[in-house]
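Chemist: only the shape, not the letters, is given here:
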């Protein structure tokens, strides 16, 4: 027997605002029978095909140390560098630039300081 991941949970200060930000980043949608609204303490978004859910849970404490788990994003319709610029334009902050001539990634933080990485797109790997 094995377990399956039900969803990815992210603790945050403002569940609604952060869920809306990540919904825009990932192109995810609200759960049909449980739409996110301002003031909700738990907000869930899901991939358009329903295969992945992310739950944002409001907690009283702020983030204080580096994430022990994070998303690695691979752009689907643009280059890594174009995606980094898009994400910075909507509020991400660049923390580290690990780009190399043959690959690498850029580490960003979301509006609450949660780290994530942007990899090269599949078309850049082919």
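Modeler: Looks like it arrived, so ask away. Source: prediction; values computed, not measured. Numbering: from 1, shown residues only.
Chemist: and the strands in this protein?
Modeler: Secondary structure of the chain by DSSP state E: the strands cover 8-12, 29-30, 42-46, 53-58, 71-73, 93-97, 106-109, 115-118.
Chemist: what lies in contact with the fifth one?
Modeler: Taking CB atoms under 8 Å, 6 or more residues apart in numbering as the criterion, the residues outside strand 71-73 that touch it are 25-26, 83, 105, 116-119. Backbone N, C-alpha and C define where each C-beta goes, glycine included.
Chemist: what's the most distant pair in those?
Modeler: Maximum pairwise distance among the contacts of strand 71-73 (CB to CB): 17.0 Å, between 26 and 105.
Chemist: who has more neighbours, these two?
Modeler: Taking neighbours as other CB atoms under 10 Å, residue 26 and residue 105 compare with residue 105 leading, 20 against 17.
Chemist: what about stretch 101-113, distance to the chain center?
Modeler: Centroid displacement of stretch 101-113 relative to its chain, using CA atoms, centre = their mean, to the nearest Å, is 11 Å.
Chemist: which parts of it are buried?
Modeler: 105-112 (16 or more other CB atoms under 10 Å).
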